[in-house]
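Participant: Turn this into a model:
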Amino acid sequence: FRDPANFPACNKREPGSGCSAIGGVTRGHAVLGTSEACIAMYPGDLAVALVAFDATVHLGERQLSVDDFFLLPGTTPEREHAIQPGEMITQISIPASAAARRSTYLKVRDRQSYEFAAASAAVGIELEADGRTIRDLRVALGGVATKPWRARAVEEALKGKVLEEDAVRRASLLAVEGAVDHGANHYKIELAPRVVARAILKTGAMA
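Facilitator: Have a look, this model is predicted:
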(Lines give C-alpha, C1' and ligand atoms only; values in the text may rest on other atoms or scores of the structure.)
Protein backbone atom coordinates (compact mmCIF):
# COMPACT_ATOMS: atom_id res chain seq x y z
CA PHE A 1 0.00 0.00 0.00
CA ARG A 2 2.82 2.43 0.89
CA ASP A 3 5.40 1.21 -1.63
CA PRO A 4 4.18 2.01 -5.15
CA ALA A 5 7.66 1.60 -6.64
CA ASN A 6 7.95 -2.10 -5.79
CA PHE A 7 4.25 -2.97 -5.56
CA PRO A 8 2.47 -0.92 -8.22
CA ALA A 9 -0.89 -2.68 -8.10
CA CYS A 10 -3.00 -1.72 -5.08
CA ASN A 11 -6.78 -1.45 -5.05
CA LYS A 12 -6.61 0.71 -1.92
CA ARG A 13 -4.31 3.23 -3.57
CA GLU A 14 -5.73 2.99 -7.10
CA PRO A 15 -9.11 1.21 -7.34
CA GLY A 16 -9.20 -1.43 -10.06
CA SER A 17 -5.41 -1.72 -10.39
CA GLY A 18 -5.23 -5.13 -8.70
CA CYS A 19 -3.51 -6.41 -5.56
CA SER A 20 0.25 -7.00 -5.49
CA ALA A 21 -0.05 -8.79 -2.16
CA ILE A 22 -2.21 -11.63 -3.44
CA GLY A 23 0.26 -14.11 -4.85
CA GLY A 24 3.13 -11.99 -3.48
CA VAL A 25 4.63 -11.25 -0.08
CA THR A 26 1.87 -12.05 2.41
CA ARG A 27 3.44 -12.66 5.84
CA GLY A 28 1.96 -9.54 7.39
CA HIS A 29 -1.41 -9.64 5.69
CA ALA A 30 -4.90 -10.42 6.92
CA VAL A 31 -6.58 -13.82 7.19
CA LEU A 32 -10.02 -12.54 8.27
CA GLY A 33 -12.36 -10.17 6.47
CA THR A 34 -10.44 -10.35 3.21
CA SER A 35 -11.79 -10.20 -0.32
CA GLU A 36 -10.54 -10.87 -3.84
CA ALA A 37 -9.72 -7.16 -4.04
CA CYS A 38 -7.73 -6.71 -0.84
CA ILE A 39 -5.99 -8.63 1.96
CA ALA A 40 -4.40 -5.62 3.70
CA MET A 41 -4.24 -5.99 7.48
CA TYR A 42 -5.57 -3.24 9.77
CA PRO A 43 -2.38 -2.25 11.66
CA GLY A 44 -3.67 -0.20 14.60
CA ASP A 45 -4.02 -1.08 18.29
CA LEU A 46 -6.36 1.47 19.89
CA ALA A 47 -9.38 0.68 17.73
CA VAL A 48 -9.13 -3.02 18.64
CA ALA A 49 -9.82 -2.16 22.27
CA LEU A 50 -12.55 0.30 21.27
CA VAL A 51 -14.32 -2.44 19.31
CA ALA A 52 -14.07 -4.86 22.22
CA PHE A 53 -15.82 -2.44 24.58
CA ASP A 54 -18.57 -1.21 22.24
CA ALA A 55 -17.26 2.31 21.76
CA THR A 56 -19.22 4.84 19.71
CA VAL A 57 -17.78 7.28 17.16
CA HIS A 58 -19.53 10.66 17.08
CA LEU A 59 -19.53 12.29 13.64
CA GLY A 60 -21.33 15.49 14.49
CA GLU A 61 -25.04 14.71 14.17
CA ARG A 62 -24.45 11.03 13.36
CA GLN A 63 -23.16 8.25 15.61
CA LEU A 64 -21.78 4.83 14.72
CA SER A 65 -20.37 1.95 16.70
CA VAL A 66 -16.62 1.64 16.12
CA ASP A 67 -17.29 -1.83 14.73
CA ASP A 68 -19.51 -0.31 12.03
CA PHE A 69 -17.23 2.68 11.49
CA PHE A 70 -14.46 0.49 10.02
CA LEU A 71 -15.44 -1.13 6.73
CA LEU A 72 -14.58 -4.49 5.21
CA PRO A 73 -12.79 -4.14 1.86
CA GLY A 74 -15.27 -6.07 -0.28
CA THR A 75 -15.04 -4.61 -3.78
CA THR A 76 -14.24 -1.10 -2.49
CA PRO A 77 -11.06 -1.43 -0.40
CA GLU A 78 -10.29 2.26 -0.92
CA ARG A 79 -13.12 2.98 1.57
CA GLU A 80 -11.72 2.14 4.99
CA HIS A 81 -14.23 4.00 7.15
CA ALA A 82 -17.77 5.32 7.06
CA ILE A 83 -17.12 9.06 7.32
CA GLN A 84 -19.27 10.94 4.83
CA PRO A 85 -18.36 14.25 3.11
CA GLY A 86 -18.76 17.10 5.58
CA GLU A 87 -18.32 14.87 8.64
CA MET A 88 -15.46 14.60 11.12
CA ILE A 89 -14.86 12.69 14.33
CA THR A 90 -15.85 14.94 17.21
CA GLN A 91 -15.88 12.43 20.06
CA ILE A 92 -15.42 8.78 20.96
CA SER A 93 -17.39 7.43 23.90
CA ILE A 94 -16.92 4.11 25.71
CA PRO A 95 -19.76 2.82 27.89
CA ALA A 96 -18.82 1.82 31.41
CA SER A 97 -18.75 -1.92 32.03
CA ALA A 98 -17.42 -4.34 34.62
CA ALA A 99 -15.59 -6.15 31.83
CA ALA A 100 -13.66 -3.00 30.95
CA ARG A 101 -12.48 -2.67 34.55
CA ARG A 102 -10.87 -6.13 34.34
CA SER A 103 -9.14 -6.04 30.97
CA THR A 104 -5.87 -6.34 29.10
CA TYR A 105 -4.32 -5.86 25.68
CA LEU A 106 -1.85 -8.50 24.53
CA LYS A 107 0.26 -7.82 21.44
CA VAL A 108 2.58 -10.39 19.87
CA ARG A 109 5.08 -9.05 17.36
CA ASP A 110 8.40 -9.85 15.71
CA ARG A 111 10.38 -7.24 17.65
CA GLN A 112 9.93 -5.17 20.79
CA SER A 113 9.44 -1.70 19.34
CA TYR A 114 8.00 0.04 16.28
CA GLU A 115 6.28 -3.05 14.97
CA PHE A 116 2.75 -3.95 13.94
CA ALA A 117 1.08 -6.88 15.67
CA ALA A 118 1.43 -10.36 14.23
CA ALA A 119 -1.66 -10.95 16.36
CA SER A 120 -3.18 -9.06 19.28
CA ALA A 121 -6.18 -9.38 21.56
CA ALA A 122 -8.15 -6.91 23.64
CA VAL A 123 -9.98 -8.82 26.37
CA GLY A 124 -12.24 -7.88 29.24
CA ILE A 125 -13.91 -10.24 31.73
CA GLU A 126 -16.62 -9.90 34.34
CA LEU A 127 -16.87 -12.86 36.71
CA GLU A 128 -19.77 -13.95 38.86
CA ALA A 129 -19.57 -13.67 42.64
CA ASP A 130 -17.97 -17.11 42.82
CA GLY A 131 -14.91 -15.70 41.06
CA ARG A 132 -14.89 -18.58 38.55
CA THR A 133 -17.90 -18.27 36.26
CA ILE A 134 -17.79 -15.85 33.32
CA ARG A 135 -20.70 -13.40 33.38
CA ASP A 136 -19.47 -11.18 30.55
CA LEU A 137 -16.58 -11.46 28.11
CA ARG A 138 -15.28 -9.09 25.45
CA VAL A 139 -12.74 -10.18 22.83
CA ALA A 140 -11.41 -8.33 19.81
CA LEU A 141 -8.46 -9.16 17.57
CA GLY A 142 -5.82 -7.06 15.89
CA GLY A 143 -3.11 -7.90 13.40
CA VAL A 144 -5.08 -10.62 11.65
CA ALA A 145 -8.02 -8.93 9.91
CA THR A 146 -8.79 -6.14 7.47
CA LYS A 147 -10.44 -4.17 10.32
CA PRO A 148 -10.50 -4.45 14.12
CA TRP A 149 -12.15 -7.85 14.56
CA ARG A 150 -14.72 -8.66 17.26
CA ALA A 151 -14.58 -12.35 18.21
CA ARG A 152 -18.21 -12.74 19.25
CA ALA A 153 -18.18 -16.52 18.77
CA VAL A 154 -15.50 -16.80 21.48
CA GLU A 155 -17.51 -14.58 23.80
CA GLU A 156 -20.72 -16.57 23.39
CA ALA A 157 -18.94 -19.91 23.80
CA LEU A 158 -17.57 -18.91 27.21
CA LYS A 159 -20.30 -16.80 28.79
CA GLY A 160 -21.82 -18.70 31.68
CA LYS A 161 -18.94 -21.18 31.70
CA VAL A 162 -16.36 -21.77 34.41
CA LEU A 163 -13.02 -20.15 33.59
CA GLU A 164 -10.90 -23.23 32.91
CA GLU A 165 -7.87 -23.45 30.65
CA ASP A 166 -9.09 -26.31 28.47
CA ALA A 167 -12.44 -24.62 27.83
CA VAL A 168 -10.77 -21.30 27.07
CA ARG A 169 -8.34 -22.85 24.59
CA ARG A 170 -11.14 -24.71 22.79
CA ALA A 171 -13.32 -21.61 22.57
CA SER A 172 -10.41 -19.47 21.40
CA LEU A 173 -10.18 -21.54 18.22
CA LEU A 174 -13.47 -19.91 17.19
CA ALA A 175 -11.61 -16.60 16.86
CA VAL A 176 -10.37 -17.60 13.41
CA GLU A 177 -13.56 -19.15 12.03
CA GLY A 178 -13.67 -18.48 8.30
CA ALA A 179 -10.01 -17.46 8.12
CA VAL A 180 -8.33 -17.70 4.71
CA ASP A 181 -4.56 -17.64 4.39
CA HIS A 182 -2.41 -16.66 1.43
CA GLY A 183 0.62 -18.80 2.07
CA ALA A 184 3.14 -17.04 4.32
CA ASN A 185 0.46 -15.61 6.63
CA HIS A 186 -0.94 -19.05 7.53
CA TYR A 187 0.84 -18.87 10.91
CA LYS A 188 -1.67 -16.21 12.02
CA ILE A 189 -4.47 -18.78 11.97
CA GLU A 190 -2.57 -20.80 14.59
CA LEU A 191 -1.18 -17.80 16.49
CA ALA A 192 -4.36 -15.79 16.99
CA PRO A 193 -6.24 -18.39 19.11
CA ARG A 194 -3.18 -18.78 21.32
CA VAL A 195 -3.01 -15.02 21.86
CA VAL A 196 -6.73 -14.90 22.66
CA ALA A 197 -6.50 -17.79 25.13
CA ARG A 198 -3.46 -16.30 26.84
CA ALA A 199 -5.17 -12.91 27.19
CA ILE A 200 -8.36 -14.45 28.59
CA LEU A 201 -6.49 -16.59 31.11
CA LYS A 202 -4.29 -13.68 32.16
CA THR A 203 -7.29 -11.38 32.64
CA GLY A 204 -9.28 -14.03 34.49
CA ALA A 205 -6.41 -14.48 36.94
CA MET A 206 -6.25 -10.79 37.85
CA ALA A 207 -6.87 -10.11 41.51
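Participant: May I have the secondary structure class of Leu201?
Facilitator: Here Leu201 is recorded as helix under DSSP: H, G, I helix; E, B strand; the rest coil.
Participant: what's the domain layout of the chain?
Facilitator: 54-93, 98-205 (the TED database).
Participant: start to end distance for the first one?
Facilitator: Start-to-end span of domain 54-93 (Cα to Cα, to the nearest Å) is 9 Å.
Participant: same check, this time on the longest one
Facilitator: Distance across domain 98-205, first residue to last, is 15 Å (Cα to Cα).
Participant: Could you check how far it is from the centre of its chain?
Facilitator: Offset of domain 98-205 from its chain centre (Cα atoms, centre = their mean, to the nearest Å): 9 Å.
Participant: quick one: the strands in this structure?
Facilitator: When assigned using DSSP state E, the strands of the chain occupy the ranges 56-59, 62-65, 91-93, 103-108, 119-127, 134-142, 149-150.
Participant: can I get the ones you listed in a markdown table with distance to Pro193 and mean pLDDT?
Facilitator: C-beta here means a position set from N, CA and C on the backbone, and glycine is covered the same way. Shown next, in a markdown table, are these (distance: least, Cβ to Cβ, whole Å; pLDDT from 0 to 100):
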| stretch | distance to Pro193 | mean pLDDT |
| --- | --- | --- |
| strand 56-59 | 29 | 98 |
| strand 62-65 | 25 | 97 |
| strand 91-93 | 29 | 98 |
| strand 103-108 | 12 | 97 |
| strand 119-127 | 9 | 98 |
| strand 134-142 | 10 | 98 |
| strand 149-150 | 13 | 98 |
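Participant: Can you pull the poorly scored residue ranges out of the chain?
Facilitator: 1-2, 207 (pLDDT under 70).
Participant: sorry, back to before: turn the domains of the chain into JSON lines, including distance to Asn6 and mean neighbour count.
Facilitator: Below are those laid out as JSON lines (distance: least, Cβ to Cβ, whole Å; neighbours: other Cβ atoms under 10 Å):
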{"stretch": "domain 54-93", "distance to Asn6": "19", "mean neighbour count": "15"}
{"stretch": "domain 98-205", "distance to Asn6": "17", "mean neighbour count": "19"}
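Participant: Could you check how far Ala9 is from Pro43?
Facilitator: 20 Å (Cβ to Cβ, to the nearest Å).
Participant: Mind checking which of the two has more residues around it?
Facilitator: Ala9 (15 against 12; other Cβ atoms under 10 Å).
Participant: Need the phi and psi values for that one.
Facilitator: Dihedral angles phi and psi of Ala9 (degrees, to the nearest 10) take the values phi -90, psi 120.
Participant: Wait, it touches Ile22, no?
Facilitator: No: using Cβ atoms under 8 Å, Ala9 makes no contact with Ile22, being 9.2 Å away.
Participant: Quick check: neighbours shared by these two?
Facilitator: The contact sets of Ala9 and Ile22 do not overlap (Cβ atoms under 8 Å, 6 or more residues apart in numbering).
Participant: how about the closest residue to Phe53 other than its chain neighbours, what does it touch?
Facilitator: The spatial neighbour of Phe53 that comes closest, neighbours along the chain excluded (Cβ to Cβ, 6 or more residues apart in numbering), is Ala100 at 5.0 Å. Contact analysis of Ala100 by Cβ under 8 Å, 6+ apart lists Phe53, Ile94, Gly124, Arg138.
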